[in-house]
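structural data only, the sequence is not supplied:
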């Protein structure tokens, strides 16, 4: 049963297994238009729905086949219904099986969140005194289309290198076409004088948010890591304040 998916292609795998411990290898065929097989939906592809032979499968082993489902538009998609492949076995004492491929009611496809390039990058800070607190705000953007069938974007800081520091800020559930330019800031450690530079890594994650999708079915899609970006903080100098005579 296929449920909610992300826009694009998703692949499912099934196995044909010989559960015996001894005896002959199994052989057979995948049928998509005979003996109950019926593959007519162009959104289905892969060797798991293509008429072909399989085997030999020795006792205790299996062979895998893939079914790829492609949904190119966000929103509730036309149901996948009455799609079947017949997994035929050449041995009369081993039954063949019909594998049914269908989608659940009101299943939908969701645009994945897309993290835009973080700006500014590189970050160039002006010179400041030791103990200075100047930080540069970063702009975080979810470039995916706006709408209830678009996933949200989270951003947080990962590690830093050199003399880079962050404010420890984060962005949560940024909607499609949304921008945040206040939450995440970077700077340089000013506890000592001298030329300073470094980098800060940002981590992004795709998420869905039920409460902002009251009119849409719950996606049930797992949150997952999206990508990382590294912001370069260019060299600048921290100087000591001159003493009064």
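That came through fine. Given the structure is predicted, the values throughout are model-derived calculations rather than measurements.

before we move on, what SS does the spatially closest residue to residue 67 that is not a sequence neighbour have?
Once flanking residues are discounted, residue 67 sits nearest to residue 48: 4.0 Å by C-beta to C-beta, 6 or more residues apart in numbering. Heads up, the C-betas are built off the backbone N, CA and C, glycines and all. Secondary structure, DSSP: H, G, I helix; E, B strand; the rest coil: residue 48 is coil.

so residue 48 makes contact with residue 65?
Yes - the criterion here is C-beta atoms under 8 Å, and residue 48 meets it with residue 65 at 3.6 Å.

between these two, what contacts are shared?
13, 14, 30 (C-beta atoms under 8 Å, 6 or more residues apart in numbering).

list the beta-bridge partners for residue 31.
residue 86 (DSSP bridges).

tell me who's in contact with it.
37, 51, 85, 86, 87, 88.

ditto for residue 159
Here residue 159 is in contact with 200, 201 (criterion: C-beta under 8 Å, 6+ apart).

tell me which element it falls in.
strand 152-162 (DSSP states H and E).

residue 105 now?
Using DSSP H and E, no helix or strand contains residue 105.

spatially nearest residue to it, not counting backbone neighbours?
Spatial nearest neighbour of residue 105, excluding adjacent residues (C-beta to C-beta, 6+ apart): residue 79 at 7.5 Å.

just give me the neighbour total for the one you found.
By other C-beta atoms under 10 Å, 14 other residues sit near residue 79.

can you list the low-confidence ranges for this protein?
Per-residue confidence for the chain (pLDDT under 70) gives these ranges: 92-94, 208-226, 235-245.

quick one: the helices in it?
For the chain, helices defined by DSSP state H do not occur.

okay, domains of it per the record?
Split into domains by automatic domain parsing, the chain comes to 5-110, 128-239.

need these in a markdown table (columns: distance to residue 119).
Compiled in a markdown table, the domains of the chain are given as follows (distance: least, C-beta to C-beta, whole Å):
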| stretch | distance to residue 119 |
| --- | --- |
| domain 5-110 | 26 |
| domain 128-239 | 5 |
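
of the shared contacts of residue 48 and residue 65, buried ones?
14, 30 (16 or more other C-beta atoms under 10 Å).

and of the shared contacts of residue 48 and residue 65, the nearest to residue 20?
When the shared contacts of residue 48 and residue 65 are compared for distance to residue 20 (C-beta to C-beta), residue 14 wins out at 19.0 Å.

wait, the closest one touches residue 65, no?
Yes - between residue 14 and residue 65 there is a contact at 5.8 Å, judged by C-beta under 8 Å.

so what sits against both of these two?
Common neighbours of residue 14 and residue 65 (C-beta under 8 Å, 6+ apart) are residue 48.

gap between residue 185 and residue 164?
Distance, residue 185 to residue 164, using C-beta to C-beta, to the nearest Å: 11 Å.

give me the more crowded residue out of the two.
Neighbour totals were compared for residue 185 and residue 164, and residue 164 leads with 22 against 18 (other C-beta under 10 Å).
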